[in-house]
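Peer 1: Sequence and predicted structure, then a few things I'm wondering about:
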Amino acid sequence: MEVEDLLKARRLELLKKQSKLMKQYGLLFYKPHQKQKEFHASADFRFRLARCGNRFGKSDMGVSEDLAFALGERPWIPESDPARYIGIPKRPTKGLVIAADLDKVDEIFTGNGSKGHIGKIWKKISKEVVVGTKKGSSGTIINIRIQGKHGESVIDFDTRSAYKNNPMGSESSDYDWCHVDEPIEEGHWKAILRGLTDRGGKAWFTCTLIEQPWISDFFFKNEDLKDDVPDQSKEYYQLVEQSGRKVKWVMTGSIFDNPYLSEDNIRDFLNTLTEEEQECRIHGVPMHLAGLVYKEFKKSIHLITERPEGWKTISDPPADHTIYVSIDPHPRTPHAVLFIAVSPKGRAVIFDEIFDACTTSDLTKQILQVTKNRHCYTIVMDPSAWIEDQRTKYCMADDMLALGLIGVQKGSKDLKRGIMAVKQAWKDGWLSVTSNCRTFQWEISRWAWGDKGGVPTNKPVDKDDHLMECLYRLVLEGLIYIPPSNLENFVGPESFTDNLLMQDPIDLDEAQWSGAISVHE
């Protein structure tokens with residue numbers, strides 16, 4: 001019995017020591033779950049996005065990474081494991097952490113108990129390695145200096161609310177790394193990115209993307225790449241340049257990835273959320289993707305990536321196909337034009353697009369170039385193109401007519417009915433789009449339902465939707481196949497023959513031209 005008592009006493013003593021060590025240096029006892037491990041192991045990428053559901057453990061993961069860059073190593077990983085040092089500079093670092101406001105800085109990161117919170121930093125490192133701190137006017141600690149493996153590192157704290165009050169306040173400092181813990185404005189990120197440029201600094205986002213869809217655009221959109229637009233719905237995404245430079249890494253994390261949570265508690269939380277909120281707050285899907293208007297669109301089903309049989313190229317359908325065109329013009333932002341070809345079997349393919357901020361003349365020339373020698377049945381345009389200039393009494397539709405684009409008619413403004421018609425088209429499977437229509441893919445992958453004061457509405461967000469408008473107008477027109485022989489003899493108020501489009505632009509004398517081209521140029 002004496003031996004057993006001694007063992008119990010020794011075990012109790014060790015547990016007390018462990019508990020004391022955990023309080024003093026909790027980073028040593030940090031046990032990341034699998035996806036958290038993957039995040040830390042991907043630190044050789046310059047930009048990382050962990051878009052996660054609530055209670056995934058994203059802030060805990062982010063704070064651990066912040067301290068690792070300050071310390072020069074990840075103390076919870078064995079010294080023999082390369083992951084202990086991956087991506088961390090072998091020098092003292094200067095880092096920046098962005099939270100929603102100072103209350104969150106205190107609650108999550110730097111609170112020392114004076115405001116009722118103990119921040120994660122004090123739970124993870126010993127105060128012995130803290131060289132000093134600095135408080136802001138509110139009493140919140142906004143700067144910490146840490147003695148690390150390579151010298152004294154610095155962590156500054158900034159907030160989204162401070163940027164809103166003074167955007168220029170984020171324009172001054174240079175940093176080795178930045179941790180964005182809450183979705184921020186794009187202008188704020190650009191200011192931070194400027195500060196990372198001189199040092200080639202890295203950045204990681206650990207966010208539940210309830211707002212700020214530009215973050216997804218930054219990580220997924222790359223104009224220099226020739227490949228297909230990345231699928232934002234995938235669980236993982238990486239961008240590695242041909243040179244081997246690792247640029248962007250994305251991970252989607254769910255609340256269910258956290259093995260330390262009770263399923264009952266998760267279920268109780270889930271029952272309070274709408275379908276879109278569940279996708280975002282539970283599964284980590286950005287809210288602008290969770291609330292997509294055209295969820296029926298699936299790249300695996302509707303995206304054509306190779307030249308269809310009988311086509312010359314992926315953007316050049318056979319001559320016997322019926323062509324439909326929709327135009328959404330703008331005085332400042334790029335004009336949008338969508339071209340759809342319908343085959344004799346009734347299958348409709350979006351085969352080309354124009355998205356260009358150009359003059360009316362250049363836009364008309366581009367449209368005529370695509371439609372030349374084709375059997376066009378309908379061209380529709382936004383009704384705004386018929387607004388007359390009060391001086392000349394001409395409108396943009398008149399200008400395009402003078403340039404040779406004949407038979408253009410006003411498109412529908414029935415958005416609700418148009419959306420339902422397009423949804424049915426995707427669902428029925430007779431509508432497709434070719435992979436060269438990159439702007440179309442980008443718009444449809446982010447066009448989402450709007451909200452007002454956090455309450456969902458029945459209207460989509462009125463932004464980045466120009467080709468979406470072109471699409472619903474054409475579907476409402478009725479995308480049917482018309483044999484070329486029928487078109488040659490067809491003349492009507494709502495359609496026109498292919499012969500009209502095949503002719504050269506109207507030859508007007510100088511006097512006629514003086515009044516034909518209005519202020520739309």
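Peer 2: In hand now; what should we look at?
Peer 1: any idea what sits nearest Ile387, other than its immediate chain neighbours?
Peer 2: The shortest distance from Ile387 to any residue other than its chain neighbours is 5.8 Å, reached at Cys395 (Cβ to Cβ, 6 or more residues apart in numbering). In short, each C-beta sits where N, CA and C put it, glycine included.
Peer 1: For that neighbour, grab the count of nearby residues.
Peer 2: 18 (other Cβ atoms under 10 Å).
Peer 1: Now do the SS call for the spatially most central residue of the chain.
Peer 2: What sits nearest the mean C-alpha location of the chain, by Cα atoms, centre = their mean, is Ser216, with 2.3 Å. When classified by DSSP: H, G, I helix; E, B strand; the rest coil, Ser216 comes out as helix.
Peer 1: Can you verify my assumption that it contacts Gln232?
Peer 2: Yes - between Ser216 and Gln232 a contact is recorded at 5.8 Å, counting by Cβ atoms under 8 Å.
Peer 1: Tell me how the protein divides into domains.
Peer 2: Per the record's domain assignment (automatic domain parsing), the chain is made up of the domains 26-290, 299-516.
Peer 1: sorry, back to before: count the neighbours of the closest residue to the residue nearest to the centre of the chain other than its chain neighbours for me.
Peer 2: Nearest residue to Ser216 in three dimensions, chain neighbours excluded: Pro286, at 5.4 Å (Cβ to Cβ, 6+ apart). The local packing count at Pro286 equals 27, with neighbours defined by other Cβ under 10 Å.
Peer 1: try Val240
Peer 2: Counted by other Cβ under 10 Å, the residues lying close to Val240 total 12.
Peer 1: same thing with Met61?
Peer 2: Here the number of neighbours of Met61 (other Cβ under 10 Å) works out to 23.
Peer 1: Using the three-state scheme, assign it.
Peer 2: The local conformation at Met61, judged by three-state DSSP, is helix.
Peer 1: how close does it get to Val154?
Peer 2: As judged by Cβ to Cβ, to the nearest Å, Met61 and Val154 stand 21 Å apart.
Peer 1: now swap in Gln278 and tell me
Peer 2: Taking Cβ to Cβ as the measure, Gln278 falls 40 Å from Val154.
Peer 1: So in terms of bridging, what pairs with Tyr324?
Peer 2: With DSSP bridges as the criterion, the beta-bridge partners of Tyr324 are Ile340, Thr378.
Peer 1: quick one: contacts for it?
Peer 2: Tyr324 sits next to 339-342, 348, 376-379, 474, 477, 479 when contact means Cβ atoms under 8 Å, 6 or more residues apart in numbering.
Peer 1: So for it, what's the pLDDT?
Peer 2: We have a pLDDT of 97 for Tyr324.
Peer 1: Could you do Ser300 as well?
Peer 2: Model confidence at Ser300, given as pLDDT, is 89.
Peer 1: Can you classify it as helix, strand or coil?
Peer 2: Going by three-state DSSP, the secondary structure assigned to Ser300 is helix.
Peer 1: what do you get for Trp249?
Peer 2: Reducing the assignment to helix, strand or coil with three-state DSSP, the entry for Trp249 is strand.
Peer 1: Could you check how many residues crowd around it?
Peer 2: One way to gauge burial is a neighbour count; for Trp249, by other Cβ under 10 Å, it gives 23.
Peer 1: Ok, the one 10 residues further on next?
Peer 2: Applying other Cβ under 10 Å, we find 9 residues neighbouring Pro259.
Peer 1: what about Val380, distance to Gly478?
Peer 2: When distances are taken as Cβ to Cβ, Val380 and Gly478 turn out to be 11 Å apart.
Peer 1: got the contact list for stretch 325-339?
Peer 2: With contact meaning Cβ under 8 Å, 6+ apart, stretch 325-339 is reached by 323-324, 340, 350-358, 360, 363, 366-367, 370-371, 376, 378-382, 384-385, 396, 408, 411, 439-440, 466-467, 469-471, 473-474, 520.
Peer 1: swap in stretch 422-430?
Peer 2: 294, 296-298, 301-302, 346-348, 431, 471-472, 475.
Peer 1: For PyMOL, what selects the buried ones among the residues you listed?
Peer 2: Restricted to buried positions by 16 or more other Cβ atoms under 10 Å, the PyMOL selection for the contacts of stretch 422-430 reads:
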select buried, resi 294+296+297+302+347+348+431+471+472+475
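Peer 1: which residues of the stretch 251-400 of the chain score low on pLDDT?
Peer 2: Low-confidence segments of the stretch 251-400 of the chain, defined by pLDDT under 70, are located at 275-276, 288-290.
Peer 1: Helices of that one, residue ranges please.
Peer 2: Counting by DSSP state H, counting those that start in this stretch, residue ranges of the helices within the stretch 251-400 of the chain are 263-270, 275-277, 287-290, 299-302, 360-371, 396-402.
Peer 1: Just list what the fourth one packs against, helices and strands only.
Peer 2: Helices and strands touching helix 299-302, as assessed by 3 or more Cβ pairs under 8 Å, 6 or more residues apart in numbering; DSSP states H and E, comprise strand 431-434.
Peer 1: Can you point out the buried residues in whichever helix or strand comes after the strand it packs on?
Peer 2: Scanning forward in sequence from strand 431-434 by DSSP states H and E, the next helix or strand is helix 438-444. Of the residues in helix 438-444, those buried by neighbour count under the rule 16+ other Cβ under 10 Å are 439-444.
Peer 1: Return the list of helices and strands in contact with the next helix or strand after helix 438-444.
Peer 2: Of the helices and strands lying after helix 438-444 in sequence (DSSP H and E), the nearest is strand 449-452. When contacts are defined as 3+ Cβ pairs under 8 Å, 6+ apart, strand 449-452 packs onto strand 455-460.
Peer 1: What is the helix or strand following the strand it packs on packed up against?
Peer 2: Downstream of strand 455-460, the next assigned helix or strand under DSSP H and E is helix 466-477. Here helix 466-477 is seen to pack against strand 322-328, strand 335-342, strand 348-356, strand 375-381, helix 415-428, helix 438-444 when contacts are counted using 3+ Cβ pairs under 8 Å, 6+ apart.
Peer 1: Could you check the ones you listed and tell me which one is nearest Pro167?
Peer 2: Proximity to Pro167 (Cβ to Cβ) singles out helix 438-444 among these, at 27.0 Å.
Peer 1: element containing Leu67, please.
Peer 2: Using DSSP H and E, Leu67 maps to helix 58-71.
Peer 1: Please enumerate residues in contact with that helix?
Peer 2: Contacts to helix 58-71, defined as Cβ under 8 Å, 6+ apart, come from residues 27, 30, 32, 36, 39-40, 43, 50, 52, 74-76, 88-89, 93, 95, 97, 108-109, 120-121, 124-125, 129, 146, 148-149, 153-155, 176-177, 179, 181, 204, 206-208, 253.
Peer 1: Just give me the neighbour total for the residue lying closest to Leu196 once chain neighbours are set aside.
Peer 2: On the basis of Cβ to Cβ, 6+ apart, the spatially nearest residue to Leu196 that is not a chain neighbour turns out to be Tyr175, at 5.7 Å. Tyr175 is surrounded by 21 other residues when neighbours are defined as other Cβ under 10 Å.
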